[in-house]
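Novice: got a predicted structure here, sequence first:
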Amino acid sequence: MSQSASDQSDRTSPVKTQSPLILDSLPDIPGVEDCSLRVQQKIDLILLAIEALELGGSEYMLATAKELELQSIVDNRVALWRMRCSNPWRRSHVRTRLTLKQGKALTLIASYRARQLTVLIRQLLVAQQQIQEKGLPLEQHFRLSDYLERFRAHFRSRMNPRRAKVAVYLADENQLNDLALSLLSQLLFCTGTYGLKRLWVSLFDGEVA
Amino acid sequence: MTIKRQYSLPNCRLVLEGLNENAVESEQGSQRPLMSILIQAECYFAGEEQRLAGGREFLENLVKAVSAYAQEFLSGVYHPIDPNEKGDVIQFLQGETPNIHHLVWQQKAIGEGIETVEKTVRLDLNTVQMFDLVEAVDQFFADHRTLPELTLNLTPVSRRHRTAEVPTSERVTPLLAGVGSLAIAAALLFFVPIPEVQEPEPFRQETSSETEGETDADRETETEPTPTPPSPEELEELLANAPAISDPTEVRYLQRYIFRDLNQNWDNREDLTQDLTYRVSATLDGSIVGYEPVEGTPENASEDTPLPDLTFAPTNSEIAQPEPITQYKVVFTDNGILQINPWAGYQGTADFGPEIEDPDTLQDLIPEVADTLREDWEGEAAEQGELIFRVGVTEDGEIADYEAQNQAAFGRVEDTPLPELVNPSAAGMGKEEGTVVPQEPLGQFRVVFQENGAVEVSPF
């Protein structure tokens, strides 16, 4: 019931009180009206890293959306998928801009999922550190190599190889691994006390005047 | 009674000891007592003997630097921090690999009213340790019963600080790429035609001297030797002969010089439809000796940049004796902003070269600098926020160097008297002097153009 009510409010007038209250935990960014391509790309990649961490990741994301009462924005798999396709690197890129509300909702989901996965994220990063100190290949660690493999597979199947930057990653497995590891360490920073806020504000670095 | 607060994470522990100003209040109510005065802050890392410790200024600078670096880590965009006027300097630098973070702590000592660096401590933290430090600081921010006036303050940085969209791992290309790029630069230099040295011929001296230069130039192009590809041995030799500039101070001074040079000469900023990225090689006198488009930048796009005009063709003798070079990544962004970063990443800690150490001279310089700046300052540009600069001044009071320290200063430097007043040659810096690093000791000051039109000068 509450779902349809806020759906309507979205169509008629964006009254703040009608949108999920949890969105107010993230500040509006002065001078920013919607998400830029860079922001959309970053959120989708962060979510991609989460999917590589847990099997059935997108189901968990939907469950999290429900738990956070974000159904008016992310109510089903298709809605989530369409929002993520705002990432310009996607094969099925859709040319719509995410609203700030949608951006906030995806950021909330990413940060809550990351927090659930804190132990795993820490383990993988500690393992990476130890393996690299010993000069061994990353594949030595089962869980880590699992994560990297899944990330590469997701990236290959969903990103558009005709985009120059994507092509660079696809051409070199090491670069793709580096991207996966860089996203993994960013996920760690999302797990903290202010991780959610830090992630959200960081998305707009270099986006404001 | 002292109050002790501890924020413990597996790799990092932040311990604060302090007092409550108003002891009566603390005894009322059942809440934890409020810590309103800090006596000592300490920060420990697991498995690391070196601890960080200090007072209020230390803590303020620590939490500010940690918070800014956390954002920088998440976004990959540089976060400048307005340097605190006083106290220990704490800085974080991205290491040579993405999972190493350098913590640099400069302890300051106050002697005769002037702060000097007493000791510099460097710690290398891995990503998990770095995160634990961020989390300890965030838990402290979230604790409203401990120094409640220090809270988390996050704002996104301006697009000026955006480097091209390159993952951090690529920006901090390790040594390997550095050597590779040196080889490319060496090869580039090799292909530059060697101007023939012409003996003055008697008949040409009889003709009008005005046209002499021109004919010389014509002749050179006519007699241009066809470049032949260098043999591997020759290349190796060139590579060995062109050493890299490795002193971080020189690298940073040169970076600022080239930034100013390119920024002042870049006119048609509206014409760009995409970011143009170049690998630029420069020598210590501030000369650009070569550039190369990278990351999909089209070959002919350099026409839209000041690079062709500013590039200096080495002469015969200079090729024979290559000068040390260093390389930068220069990005002309499609929104008209210039960015420059060392190609090999920020390595080591840069300082400001020779410094004036005599406290009396420094004290005398403060009013002198303030007067000079006040004379030429209309006070209009700072209406939208104060402008903070670091200014390097010679013993004679000449301004030889300056650098913006906050975003507002960065954007409105042209509205201040600094570009007019700066005289690098007073400190032996500039193309003519052969180096962009000061040869005379400088006093470093912090200059604030305030919103109300006042100019404030203090030791940096």
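Specialist: Right, received. Where do you want to start?

Novice: in contact with the one residue in chain A that gets nearest to chain B, which residues?
Specialist: Across chain A, the shortest distance to chain B (C-beta to the nearest C-beta) belongs to residue A:206, at 3.1 Å. Every C-beta, even on glycine, is put in place using the N, C-alpha and C of the backbone. Residues in contact with residue A:206 (C-beta atoms under 8 Å, 6 or more residues apart in numbering or on different chains) are A:38, B:75, B:77, B:156-159, B:161-162.

Novice: so how do I select the buried members of those in ChimeraX?
Specialist: Burial among the contacts of residue A:206 is assessed by 16 or more other C-beta atoms under 10 Å in any protein chain shown; the matching ChimeraX selection reads:
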select /A:38 /B:75,77,156,157,158,159,161,162
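
Novice: show me where the chain has its helices.
Specialist: Since no chain was named, I'll use chain A. A:2-12, A:37-53, A:57-67, A:77-84, A:100-116, A:118-133, A:142-158, A:164-171, A:173-190, A:195-202 (DSSP state H).

Novice: please go with chain B instead
Specialist: So, for chain B - with DSSP H - the helices run B:23-27, B:56-75, B:127-142, B:168-171, B:175-191, B:202-206, B:212-222, B:232-241, B:248-265, B:307-310, B:316-320, B:359-375, B:407-411, B:418-421.

Novice: show me the contacts for the nearest residue to residue A:99 once chain neighbours are set aside.
Specialist: Spatial nearest neighbour of residue A:99, excluding adjacent residues (C-beta to C-beta, 6 or more residues apart in numbering or on different chains): residue A:34 at 5.5 Å. Contact partners of residue A:34, counting by C-beta under 8 Å, 6+ apart, are A:97-100, A:103.

Novice: most neighbours among those residues, please name it.
Specialist: Using other C-beta atoms under 10 Å in any protein chain shown as the neighbour test, the contacts of residue A:34 are led by residue A:103, with 27 neighbours.

Novice: now do the phi/psi pair for the closest residue in space to it that isn't next to it in sequence.
Specialist: Nearest-residue entry for residue A:103: residue A:35, 4.4 Å, with adjacent residues in sequence omitted and distances by C-beta to C-beta, 6+ apart. With angles defined as degrees, to the nearest 10, residue A:35 sits at phi -80, psi 140.

Novice: so how far is residue A:96 from residue A:35?
Specialist: 10 Å (C-beta to C-beta, to the nearest Å).

Novice: ok, residue A:53 next?
Specialist: Distance from residue A:53 to residue A:96, by C-beta to C-beta: 28 Å.

Novice: do residue B:129 as well
Specialist: Counting by C-beta to C-beta - residue B:129 and residue A:96 are separated by 41 Å.

Novice: so which of these two has more stuff around it?
Specialist: residue B:129 (22 against 13).

Novice: got the contact list for the more buried one?
Specialist: Each residue near residue B:129 by C-beta under 8 Å, 6+ apart is listed here: B:11-12, B:45-46, B:101.

Novice: inside strands: which ones of those?
Specialist: Judged by DSSP state E, strands contain the following of these: B:12, B:45, B:101.

Novice: so which of those residues wins on neighbours?
Specialist: residue B:12 (23 neighbours).

Novice: wait, it sits on residue B:132?
Specialist: Yes. With contact defined as C-beta atoms under 8 Å, residue B:12 counts as touching residue B:132 (3.9 Å).

Novice: dump the residue contacts of the residue lying farthest from the centre of chain A.
Specialist: The centre of chain A is farthest from one residue, residue A:134, which by C-alpha atoms, centre = their mean lies 31.4 Å away. Listed by C-beta under 8 Å, 6+ apart, the contact set of residue A:134 is empty.

Novice: gap between it and residue B:102?
Specialist: 22 Å.

Novice: residue numbers of chain A in contact with chain B?
Specialist: A:27, A:29, A:38, A:122, A:125-126, A:128-129, A:132, A:164-165, A:175, A:178-179, A:181-182, A:185-186, A:188-189, A:192-194, A:197-199, A:201-209 (C-beta under 8 Å from any C-beta of the partner chain).

Novice: since we're on residue A:172, how many residues are nearby?
Specialist: So residue A:172, with other C-beta under 10 Å, has 11 neighbours.

Novice: likewise for residue B:306?
Specialist: 19.

Novice: tell me where the model's unsure across chain A.
Specialist: Low-confidence segments of chain A (pLDDT under 70): A:1-18.

Novice: cool, and chain B?
Specialist: If you take pLDDT under 70 as the line, chain B has these spans: B:23-30, B:82-85, B:111-114, B:162-242, B:312-322, B:378-383.

Novice: show me the domain layout of it.
Specialist: Annotated domains of chain B cover B:3-154, B:175-197+B:214-342, B:359-459 [automatic domain parsing].

Novice: okay if I get the ones you listed as a markdown table plus distance to residue A:109?
Specialist: As requested, the domains of chain B are exported to a markdown table (distance: least, C-beta to C-beta, whole Å):
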| stretch | distance to residue A:109 |
| --- | --- |
| domain B:3-154 | 17 |
| domain B:175-197+B:214-342 | 31 |
| domain B:359-459 | 32 |
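
Novice: which one, of the ones you listed, ends up nearest to residue A:92?
Specialist: domain B:175-197+B:214-342 (23.6 Å; C-beta to C-beta).

Novice: and the residue of the stretch 301-450 of chain B nearest chain A?
Specialist: Residue nearest to chain A within the stretch 301-450 of chain B: residue B:411 (8.8 Å; C-beta to the nearest C-beta).

Novice: what's the burial count for the residue nearest to that residue when sequence neighbours are not counted?
Specialist: Counting by C-beta to C-beta, 6+ apart, residue B:160 is the residue found nearest to residue B:411 once chain neighbours are left out, at 6.9 Å. Neighbour count of residue B:160, defined by other C-beta under 10 Å: 20.

Novice: how about the contacts made by residue B:160?
Specialist: Residue B:160 touches B:337, B:339, B:407, B:410-411, counting by C-beta under 8 Å, 6+ apart.

Novice: picking that back up, out of the contacts of residue A:206, who's nearest residue B:143?
Specialist: Nearest member of the contacts of residue A:206 to residue B:143, counting by C-beta to C-beta, is residue B:156, at 25.3 Å.
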